[in-house]
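# just coords:
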């Protein structure tokens, strides 16, 4: 299962977070738009449940 670790306000910010977390193959990361494709502004940043604590530490959220 995948878990949300960050809610980015736009795609640019989401991509920045994805690059940071996946740097050097550190974590698996995927993005999921919030809302429909046309109305999407925010993006969820997801990692596998087993990597949530590590992702939150890297983001400084734990």
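Nice, I can see it. Just so we're clear, the structure is a prediction, and the values are computed from it rather than from any experiment.
# for the longest helix that the chain contains, packing partners?
Using DSSP state H, we find that the single longest helix of the chain is helix 11-22. On a contact count with 3 or more Cβ pairs under 8 Å, 6 or more residues apart in numbering; DSSP states H and E, helix 11-22 meets strand 2-8, strand 30-33, strand 43-48, helix 52-59. Backbone N, C-alpha and C define where each C-beta goes, glycine included.
# For this protein, which residues score under the pLDDT cut-off?
The model of the chain has pLDDT under 70 over residues 37, 39-40.
# cutoff 90 now
Scanning the chain for pLDDT under 90 picks out 23-26, 35-41, 61-62.
# Centroid-nearest residue for it?
A centroid search over the chain (Cα atoms, centre = their mean) returns residue 45, at 1.9 Å, as the residue closest to the centre.
# so that residue touches residue 27, yeah?
No - in terms of Cβ atoms under 8 Å, residue 45 does not count as a neighbour of residue 27; the distance is 10.2 Å.
# Now the common contact residues for these two.
Jointly contacting residue 45 and residue 27 under the rule Cβ atoms under 8 Å, 6 or more residues apart in numbering are residue 21.
# Could you pull up the residues touching the nearest residue to residue 27 once chain neighbours are set aside?
Excluding the flanking residues, the one nearest residue 27 by Cβ to Cβ, 6 or more residues apart in numbering is residue 21, at 4.7 Å. By Cβ under 8 Å, 6+ apart, the contact list for residue 21 reads 27, 29, 45, 47, 55, 58-59.
# give me that answer again for 6 Å
By Cβ atoms under 6 Å, 6 or more residues apart in numbering, the residues touching residue 21 are 27, 29, 55.
# Leaving out the residues flanking it, which one is nearest to residue 18?
Distance criterion Cβ to Cβ, 6+ apart; nearest residue to residue 18, sequence neighbours excluded, is residue 29 at 4.7 Å.
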